[in-house]
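> Pasted the sequence and its predicted model underneath.
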Amino acid sequence: MNMKIKYLTIILGAATVMGCTDLTEKVYSEIPADDFFKNERELISNVGRAYTKLQAYGTEQSLWTLNLQVTDECAVPVNANGSWTEERYQELQYHNFSQSNKLVRMGWEFCFDGVAACNEILYTTAQSEIDFEGKDKILAEVKLLRAYFYFMGVDGWGNVPFSEDYSDPSYPEQKDRNFMFSWIENEILENVDKLEQNPSPEYYGRVTQGMAYTLLAKLYIMSQEWTGTARWAEAEAACKKVIDSGAYMIEDNYSDNFKPYNENSRENIFTIVYNTIYTKSDHNAFVIYMLVLHPSSCATFNIPTSPWDGFVCQPDFFAKYDPADTRRSDSWLYGQQYDVTGKPIDGFVITPLFEESKYRDGRDTYDGAKLIKWKYQTDGLLLDDQTSMENDFALFRYADVILMYAESLVRQGRTAEADDLEELAQIRTRAGLAPYPAGELTLEELYDERGRELAWEGWRRQDMIRFGKFNDPWWAKKASAQNKKIYPIPREALASNPNLVQNPGY
Amino acid sequence: MKKIKIYTLFIVFLLAAGQIVHAQNRNVTGTVTAAGNGSPLIGVTVYIQGTTVSTVTDAQGIYSITVDSPEDVLVFSTLGFEDARVIVGDRAVIDVLLQETALDLEEMVIIGYGKTTKKEVTGSIASLKPEDFNQGTFTTAAGLLQGKVAGLTVVNASGGDPNGNFEILLRGTNSLSAGQGPLIIIDGVVGADIRNINYQEVESIDVLKDGSAAAIYGTRGTNGVVIITTKRAQAGTTRVEYDGQVSVQTVQSRAIPLTAEEFTGVINQYKPAASGSLYGVETDWFKEITRTPISHKHSLAISGGSEKFSHRTVLNIEDNQGIQKRNESQKFLIKTNIKQSALQGWLDFDYNIFGSKRKYFPANYSAFEQAFYHNPTEPVYDPENQTSGGYYRIAEMAYYNPVAMINEQIQEREADDFGASVRATLNVLPVVGLKWDNFVSYNQQRYQSNSYRTRYYPSSIGQDGVASISNEYTNDIQYESTLNYSNTFNKHSIQAVLGYAYQRQTGEYNSMGNQGFDTDDWLTHNIGAGTSLKEGMASMYSYKESNTYIAFFGRVMYNYDEKYLASVSLRRDGSSRFGKDNKWGWFPAVSLGWRLDREEWLQDVEWISDLKLRAGYGVTGNQDFSNYKSLMLMKVSGKFFYNNEWINTYAPASNPNFDLAWEKKAEYNVGIDYGFFDFRLRGSIDYYYRLTSNLLYTYSVPTPPYVYDELFTNVGKISNQGIEVTISADVFKEEDLYWNTYLTFSKNMNKLIAFTNEEFQNGSYNVGWIPTPVGAYAQRLEEGKSLGSFYGPVWLGIDENGNDILKNAIGGIVSESMWENLGCAYPNFQLNWGNTFKYKNFDFSFMFRASIGGKVFNRYVAEYQNITALGLKNIMASWMDNTAFTGNVKYSSKYLEDATYVKLDNVTIGYTFDLNNDYLQKLRVNLTGQNVFCITGYSGVDPEVSLSGLAPGIESLSYYPRTTVITLGVNLVF
């Protein structure tokens, strides 16, 4: 009996030892890639990621907030609490960019994370045997998104790493603006006809032909700066494509393009769709209210937590508005402030103009006009820097196309044709101003008008460069060197790719 | 020693004299007693040399054995006593006195999968017994070790927090991103949670320090192995032990702001513009949120039983208060060890079962920071204010009433853990020294965290209550099978083990959050009632993971005449975490020892009691990183607006790395163990060099082609080398007077040898981000330099405008390329000095712990020793000694301070009563002071900051004050 037990123990134990050598990982809460890409829905949900890459544009430290701060429309002075003293903000204000500037890096990542996602999507979708109606169309959209990400990258950094094939793991080569110009132009022209022709509610937030031609117009209008060769006629033609589509119009009310539920605007050509519930993290929420508002404004907009009281409108930029221009009060918060019920708040008066010495020494508590262009919802749901505003962000807007069209005409010496533009007159009258009398439309005036119409929409840097203003001195900024027209390549990017050479002067 | 043996034989001989040589196959009996006090010895193994015939002594020390011939030699052997050998002759009764073994050398040392004696050890192993442990009260058993083992740094970075954990670092930082804590083994359970044992129940702690000792644990041995054995079942009459402690704490150090009076004075004199911030009340915010905490612990142990079945059962109850109001930790632990012997000695069982419940109310660390900078002229309460719930509140300020932070947040954490294990040992009696061990254990941990912020919690006003619940369920199954063989043939002694180990861990996590409640009364217990659920703002989460380790291992230890010692081991280790092309690895080790004192030419040197040279080499790994890192997984990414609805998008979870492998450490160790003057002076000296390669780190990779800009991969190399010295001396060793003093010294030098390879060219990396207003990376990872190297502008002084003057500044800014190396966070060396005195029934001990050199970044001074934000916020009281500085904060060497400190860690005085009592065997009372004082030039809270991780030496603003703990303890044995 006892011996039996002994032998049984020995046998059992030996069996256990022999049993287990299996080290396969069992996955529960993710999907192994080999089991994915099995149907249309899965392909679409992977493709959709290319669009989600756009959502980083509205976050705290983004390509957008980078491009804002290097222009004359925005400043981040030290506030009355002594906050916002970090060097990264001063570097941008003074055009003293360093390769370790966090915003420069975040801007770069916006562009090239976007490109990388598009490459992966294009590759895996092409690899998949699943076919469905509209597969070509949605791949064309991804190619246009990639062209947009590259456009923004080349715009900011000039010389960029170029890769269009996900399956090639080698270090990407660095390409200059001439090469990239042709590549982007080609990508748009090759794919534009595969895209959805006109906007529709089903296609809201997606790439359409209108988006493609607007991007093409923006590429051509920057051609002189990028390649040394002006392409005003091509810019004009691209704008004309958008105009002739008849799909877009200048809205009667300027703010309809920016209000919390602005998806019905027919002026917005291509928007990043934001939602208080579905885009809710520090890498995909539109949170400009946190950056600009003073905590006292909580009472005005029914915001429970304190915003950070940082970004303001530069006083000299504010002064460029005609007092009759309704876009001034549509875009900026200044003067006496009111609570959510309309009662004046005692002592809360915003002063839009203040001395430039206060940029570094610290402005007074209520100095500086605050952005209100994207109207803030008062439903109490704006909680923190990870809670997005409902307002969708129009990257491309019809008014911008009209102004580019007018500009390309004027630059070709066809001012009279620009004078006759009905939509240009609408832009003026909508703002409570008279249309330009014949012969008064100059490049200088167009530059200022673009500034007022498109304030803080992210195009001021390109405008300042294209109109030759970018290196001028302005409020709290001295003249800067020509090489500052492109940013330094971030240190992290240089370190991770030996093919990259730093831009001149950095 | 030899003399003692001869003496024993002599006594045995005398006892045997007069007996007559007689027949065969007869019974011999006798009593085995201790030579010192004459008490009978239980459980002494008695066997006939060269045969398998054996028995053990019973509770009266009596044995009975059948012998064959008068030439048979009886061997008497038990732990803690010298073996005795007696020729049977004609005697029927053989009584034996056993001599206690000389101090030290025969002491058992637990090594992985086995044990040996101190004299036979060839690796670098520190072995601690209860008399070596720190006294006082601790959050976990790691506190017993602080300052006791050279090379083992035990940091208490969380001050007086009753829920704080110790951070254990062995021989420097050997990893860039994998874990740095040692592998903890409790009663055979690998990776056990140290919080689930009562520190008063620890019987021994063995620290396997070098590679040759730890290699038997393969991919988990790099950070050293701490083997904890708790008190075991004991045969005999029922024994009841009670340990009780009561402790109080007082603040020893904290960040000190201006008082209300000083605040008013400084504003009036230096910053009249901020006089709007004077509210005319005097509030000491720190006082408002703290108390004098009283804690108590009780432990009751019952043990006893027969040779065949015995147990030890412990009940442990604790209630520990923190100095922050509402911060408390309660613990309930019940644990049993049972020993059973079956099948006439063929089978031994060792069962362990424990259940533990820990309930705690965590501290709000940021409340201490808020209390520091909160305006001291504001009142605490404002009964008129309905919105704030009666707390004084200035709505537009991003700072919060600390009292409301404490009162209006209810946080409860509850851990319910359970574990059981059984070890079945099959003694293959026909083969002397052959055993087959099978060990199975099951451990589960359940953890629930409930947090509720009422509608008046300062940062949640307007959200009408914020509730969150999270749960974790983890379980761990282990199986181990080892075949052990040990025997001695003449002068050859051999001990071998061959084994297999399997471990599987599973973890499940879920959490939920909701807000907008009609009432605060529900706390988290009606979480579905919040309005956020309907608004789509509630959160829900769940996740599950698992992993498997498998190992085959073997080791042979051999010695010749206890003079020449050798040990060779090899482990084949596999882990599911590694990349599919890299699942298995080899981990070899070899170590040698030479006991010089056993050589003839040293036999005559009387004062040398022990002298051993050791040398070892071993390879270990580190795989303490998360699961699934090697796989290409698709995870839910952001939401995409598609055809008028929001749909999920998917993205690769990370860049996959199919080659992912363990970090690999090769370590050389040479050492000397010495004992002089009959072990009155003893200790050891070790030198080690450890090279960790295949270091895991998250490298920047270009996007495109990679989807993400980071890849977790094996690239770098780090070396650590150092010296460890331990000296212990019994200055007095009399009947009534005893004084032991010991000193440990350790010095470690760290060097990042390589950080890049051909594929991953990262140059230097910035780490140690210090947030705004400092806004700088304080440290760099740089090849050829130590980790923890601070870089920054050199501070030269203050100019006439009250601004910092920085070396090489252009326009007030020093470009990063001009930054200089400002020193390293790691100490130059560490010292511990401990003393134990015994005079009659009194005992007294104290220990100093010192860390010499190293830098620490003082964040409180950087952020709050200036008047930029004064008014809105309070500042350091020490600004009043530095009024020249009126500028903005700029990162520089100004805020780096010398981290040298000397701490009186522990002072204990105790008295043991003489009892000659049937009811009470022992009564001891003691009084312990811990963290009594700290001598340092550092102007912050505590220079002893966390030294682990990639950015060591940076003091955190969210902190827990350091406290002095006074504990009264009583120990009773019935």
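That came through fine. Not measured: the values here are computed from a predicted model. Numbers count the residues shown, from 1 in each chain, chains lettered A, B, ... in the order given.

> What residues does the stretch 301-450 of chain A have near chain B?
Within the stretch 301-450 of chain A, the positions near chain B by Cβ under 8 Å from any Cβ of the partner chain are A:P304, A:T305, A:S306, A:W308, A:G380, A:L381, A:L383. The C-beta positions use only the backbone N, C-alpha and C, and glycine is treated the same way.

> and with 6 Å instead?
Residues of the stretch 301-450 of chain A lying close to chain B by Cβ under 6 Å from any Cβ of the partner chain are A:P304, A:S306.

> Now do the helices in the stretch 301-450 of chain A.
In the stretch 301-450 of chain A, the helices defined using DSSP state H, counting those that start in this stretch lie at A:315-318, A:326-331, A:358-361, A:398-411, A:415-419, A:422-430, A:443-453.

> cool, chain B as well?
B:2-16, B:211-214, B:260-270, B:285-289, B:365-373, B:402-407, B:532-535, B:600-603, B:859-864 (DSSP state H).

> Centre of the chain to the third one, how far?
What that stands for is helix B:260-270. Helix B:260-270 sits 46 Å away from the centroid of its parent chain (Cα atoms, centre = their mean, to the nearest Å).

> Looks like A:G432 contacts A:A324 (just checking).
Yes. Between A:G432 and A:A324 there is a contact under Cβ atoms under 6 Å: 5.4 Å.

> Those two: which is more packed in?
A:G432 (15 against 10; other Cβ atoms under 10 Å in any protein chain shown).

> how's chain B carved up into domains?
The record assigns chain B these domain ranges, following automatic domain parsing: B:2-98, B:108-232, B:794-964.

> gap between the two ends of the longest one?
This stretch, domain B:794-964, spans 36 Å end to end (Cα to Cα, to the nearest Å).

> That one and chain A, are they touching?
Yes. Against chain A, domain B:794-964 shows contacts by Cβ under 6 Å from any Cβ at B:T868, B:A869, B:L872, B:N888.

> can you pull up the bridge partners for B:L752?
On the basis of DSSP bridges, B:L752 is bridged to B:I718.

> ok, now how distant is B:N669 from chain A?
31 Å (Cβ to the nearest Cβ, to the nearest Å).

> In contact with residue 262, which residues?
If you meant another chain, say so; for now it's chain A. A:N391, A:D392 (Cβ atoms under 6 Å, 6 or more residues apart in numbering or on different chains).

> Chain B, not that one
By Cβ under 6 Å, 6+ apart, no residues touch B:E262.

> Repeat that for B:W607.
By Cβ under 6 Å, 6+ apart, the residues touching B:W607 are B:F676, B:F677.

> likewise the one 5 residues further on?
B:K612 sits next to B:G593, B:R595, B:D673 when contact means Cβ under 6 Å, 6+ apart.

> could those residues go into JSON lines alongside neighbour count?
JSON lines is the format used below for the contacts of B:K612 (neighbours: other Cβ atoms under 10 Å in any protein chain shown):
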{"residue": "B:G593", "neighbour count": "24"}
{"residue": "B:R595", "neighbour count": "22"}
{"residue": "B:D673", "neighbour count": "24"}
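
> Show the pLDDT at A:L12.
Note on A:L12: pLDDT of 59.

> ok and the residue in the stretch 201-350 of chain A nearest chain B?
Closest residue of the stretch 201-350 of chain A to chain B, Cβ to the nearest Cβ: A:P304 (3.0 Å).

> Many thanks, we can stop here.
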